[in-house]
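1. kindly return the folded structure for what I paste below:
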Amino acid sequence: MVPLLPQVPGGKDYLIRKVQEKFTAGEQNFKAGHLEAARRDFDDAVDWILESGYDPESDPRLSELFHHVVDTVYAYELQAFRAGDGFSEAPAVPAAIDEVAEMTFPVDPRLKERAEEAAKNSSHDLPLTVNDEVLSFLNFFQTPRGRAIVETGLRRAGRYREMISRVLREEGVPQDLIYLAQAESAFQPLALSRAGARGIWQFVAYRGQEYGLRHTWWIDERQDPEKATRAAAQHLRDLYRLFGDWYLAMAAYNCGPGNVQKGIERTGYADFWELYKRKVLPRETKNYVPIILALTLIAKDAEHYNVQVEPEAPIPTDVVKTGRAIDLRLVAETIDVDVETLRALNPSLLRMATPDDPSFELHLPQGTSEKFSAEIADIPPDKWVSWRRHRVESGETLTSLAKKYRVTAAAIADANNLQRNAALDAGEKLIIPATQAPTEAKRRLVSYRVRRGDTLLGIADRFSVDSEDVRKWNHLKSNKVGRGMVLRIYTLGGAPEASPARAHAKPKKKTTSPSARTSGAGTVAANHN
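-> Numbering: from 1, shown residues only. Alright, predicted model coming up:
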């Protein structure tokens with residue numbers, strides 16, 4: 001065989017030795033957590049083979065080494081992906097309510113008359129109380145910082161208003177509850193509070209599960225706008241049936257029904273404003289209802305408050321059931337859209353692939369489902385999580401694509417029924433037969449230093465592990481975690497390391513569970529909706 005490039009000195013034995021050296025260095029760096037260095041070593045190991053001039057399939061030793069390297073590197077990349085490196089979860093955004101829930105603001109008496117008039121004359125299906133507490137947040141929402149929060153929420157509301165209105169109507173609850181979602185998240189599906197609540201309705205994990213919102217490694221239905229809206233409407237309806245008052249229901253949505261019930265039992269008053277005055281509710285919850293009322297008043301009289309926004313239009317989509325797991329990059333390459341568009345249309349997806357669940361509905365840009373169905377048929381379904389598509393650019397060859405995707409040129413040629421030396425046309429779309437993903441994921445030990453506002457539930461949710469496991473791993477006797485503590489977390493993505501995390505601290509004193517208290521300064525009261 002005539003090599004395509006000058007052979008490395010020493011022939012195949014030298015090549016095998018260099019590849020093994022690079023591969024071993026990559027493994028050492030990966031296990032030490034030096035992921036960028038590991039990638040460079042792994043890339044070098046593959047490049048040595050692909051650029052050597054030897055056809056790895058022509059020699060049993062080279063073939064075995066090549067496939068071992070590629071398979072192992074892919075496995076490591078998947079582990080890093082699962083552990084949060086590389087293709088990790090879509091980045092969360094701060095929950096809107098976290099920014100203002102603990103603040104206090106002066107009252108502007110000039111706002112009172114107009115607010116009372118709007119409350120009296122505006123169409124509404126929730127009671128609209130105007131008092132100093134509500135007026136203080138009306139005043140804040142007139143500041144540049146507060147106005148930006150209002151405008152962002154009203155702008156994004158346009159995308160979901162029709163859907164939310166329909167679901168609230170179907171569940172038989174007031175339409176004005178939409179402003180609770182505006183207060184919580186400004187209608188951002190990826191909103192994440194410091195207490196670990198997620199989605200436009202800010203559910204914590206256990207409450208979401210109570211209302212049927214699944215949370216797995218691959219999906220979190222708290223971030224599915226329609227499913228979360230359905231769950232929120234049902235939860236609020238249940239809370240209203242429990243307390244017989246919408247203000248108490250909203251307070252309970254924030255801090256949990258147990259906290260509201262305790263306040264009622266301590267004071268004898270089943271009235272939100274009495275509980276407010278008697279200081280038996282968490283501070284964040286005291287502010288929670290006035291914030292919602294202030295946002296409601298502004299939305300119903302936006303022009304008076306100099307709020308002018310163009311609501312975003314709803315985004316129509318096609319819905320397909322793939323029947324099994326599929327990589328979002330393959331979907332994007334098949335229908336010629338960017339991956340971020342797909343992620344925005346499917347906010348419940350935590351990873352770069354759909355779950356292996358026949359019932360999962362994948363949202364595509366409107367008008368692309370037929371193209372997807374036609375073109376995805378060219379790839380075997382069991383390869384949907386590993387194979388890729390590539391649109392050829394000018395100057396690319398089978399050899400250059402083989403290097404890019406870490407496969408052989410012969411494999412690409414065979415998958416596309418091409419001659420081994422075929423020239424490629426710019427714009428041509430090829431199937432890239434990448435390595436099949438491993439079926440099992442191990443766990444990897446990481447150290448996490450607790451930050452201000454963190455809760456045990458929020459930390460567990462962030463790493464997609466069970467809070468009880470976190471307690472066991474760290475010998476915690478309660479759910480209390482203190483700022484500065486270093487916790488051991490075994491995430492999906494790698495075998496536990498032999499050496500322990502640097503240190504971990506035990507809580508200084510026992511405390512009640514997060515369901516009965518706030519999560520710390522600056523955090524909404526654990527958002528126990």
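2. any chance you could map the strands in the stretch 251-400 of the chain?
-> 317-320, 362-365, 388-391 (DSSP state E, counting those that start in this stretch).
3. which stretch in these has the least confidence?
-> Of all the strands of the stretch 251-400 of the chain, mean pLDDT reaches its minimum on strand 388-391 (a mean of 92).
4. neighbouring strands of that one in the sheet, and parallel or not?
-> Its sheet considered, strand 388-391 pairs with strand 429-432 (antiparallel) by DSSP bridges.
5. helix or strand right after the partner strand?
-> strand 443-449 (DSSP states H and E).
6. which strands border that following strand, and is each parallel or antiparallel?
-> According to DSSP bridges, strand 443-449 has the following sheet partners: strand 486-492 (antiparallel).
7. mean confidence score for the strand it pairs with?
-> 77.
8. what of stretch 399-415?
-> Across stretch 399-415, the average pLDDT comes to 86.
9. same question, stretch 139-154
-> Across stretch 139-154, pLDDT averages out at 90.
10. likewise for stretch 461-469?
-> For stretch 461-469, the mean per-residue pLDDT is 76.
11. for that stretch, what is the distance to the chain centroid?
-> Mean-position distance between stretch 461-469 and its chain equals 15 Å (C-alpha atoms, centre = their mean, to the nearest Å).
12. and for it, what's in contact with it?
-> 84, 196, 198, 204-205, 215, 217, 350, 446, 448, 456-457, 459-460, 479, 489-492 (C-beta atoms under 8 Å, 6 or more residues apart in numbering). For the C-beta atoms, the positions are set from N, CA and C on the backbone; glycine is no exception.
13. mind doing that once more with 6 Å?
-> 196, 205, 217, 456-457, 460, 489, 491 (C-beta atoms under 6 Å, 6 or more residues apart in numbering).
14. quick check, nearest of the residues you listed to residue 18?
-> Using C-beta to C-beta, residue 491 comes nearest to residue 18 of these, at 33.4 Å.
15. list the helices and strands the helix or strand containing residue 37 packs on?
-> Using DSSP H and E, the element containing residue 37 is helix 35-50. Helices and strands touching helix 35-50, by 3 or more C-beta pairs under 6 Å, 6 or more residues apart in numbering; DSSP states H and E, are helix 11-31, helix 60-82.
16. kindly recompute the last result at 8 Å.
-> Judged by 3 or more C-beta pairs under 8 Å, 6 or more residues apart in numbering; DSSP states H and E, helix 35-50 is in contact with helix 11-31, helix 60-82, helix 398-405.
17. between the two ends of stretch 42-61, what distance do you get?
-> Stretch 42-61 has an end-to-end distance of 18 Å (criterion: C-alpha to C-alpha, to the nearest Å).
18. show me what counts as buried in it.
-> Within stretch 42-61, the residues scored as buried using 16 or more other C-beta atoms under 10 Å are 42, 44-46, 48-50, 52, 54-56, 59.
19. which one of the residues you listed sits closest to residue 177?
-> When those are compared against residue 177 (criterion: C-beta to C-beta), the nearest one is residue 42, at 51.6 Å.
20. that closest one contacts residue 26, doesn't it?
-> Yes. Residue 42 is within contact range of residue 26, at 4.3 Å (criterion: C-beta atoms under 8 Å).
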